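[1] Please find the sequence and the predicted model below.
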Amino acid sequence: MIRAIMNGCHGVMGHVITDIISKDDAIEIVAGVDMNTENYAGYPVFKSLDECPEADVIIDFSHPAVLPALLSFATEHRVPTVIATTGISEEGIQ
């Protein structure tokens, strides 16, 4: 089973992706990351990726401001990451 972290889990798309994954036996969300750490959909929610358990992939629907920290974490821990955050500036892409 694929273990995923949902970065931005309390946003609209975080809820949509959580609902989709909950119906798929091949993947599970083992943790969420959000400013609001209220548990959602049966998985723990943390303020930072550093607090999360190990995962096979990070799914990101967060905010452009957290992209540098996300990419640093993903690179350091060698975790594939799906970035679906919108509103990234030209400087944020480089």
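    That came through, no problem.
[2] where along this structure do the helices fall?
    Along the chain, the segments classed as helices by DSSP state H run 12-21, 67-77, 90-93.
[3] and the last one, average pLDDT?
    With pLDDT averaged residue by residue, helix 90-93 scores 64.
[4] mind listing what the residue nearest to residue 82 when sequence neighbours are not counted touches?
    Spatial nearest neighbour of residue 82, chain neighbours left out: residue 59 (5.0 Å); criterion: CB to CB, 6 or more residues apart in numbering. Just so you know, the C-beta spots here come from the backbone N, C-alpha and C atoms, and that holds for glycine as well. Counting by CB atoms under 8 Å, 6 or more residues apart in numbering, residue 59 touches 4, 5, 6, 7, 17, 81, 82, 84.
[5] Surely the last one is in contact with residue 12?
    What it means is residue 84. No: contact status for residue 84 versus residue 12: not in contact, 11.9 Å apart, counting by CB atoms under 8 Å.
[6] Those two: who's more crowded?
    residue 84 (13 against 9; other CB atoms under 10 Å).
[7] In contact with the more buried one, which residues?
    Residues near residue 84 by CB under 8 Å, 6+ apart: 13, 59, 60, 61.
[8] Output those residues in a markdown table; the columns should cover pLDDT.
    As requested, the contacts of residue 84 are exported to a markdown table (pLDDT from 0 to 100):
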| residue | pLDDT |
| --- | --- |
| 13 | 95 |
| 59 | 98 |
| 60 | 97 |
| 61 | 95 |
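[9] what about the strands in the protein?
    2-7, 27-33, 45-46, 57-60, 81-83 (DSSP state E).
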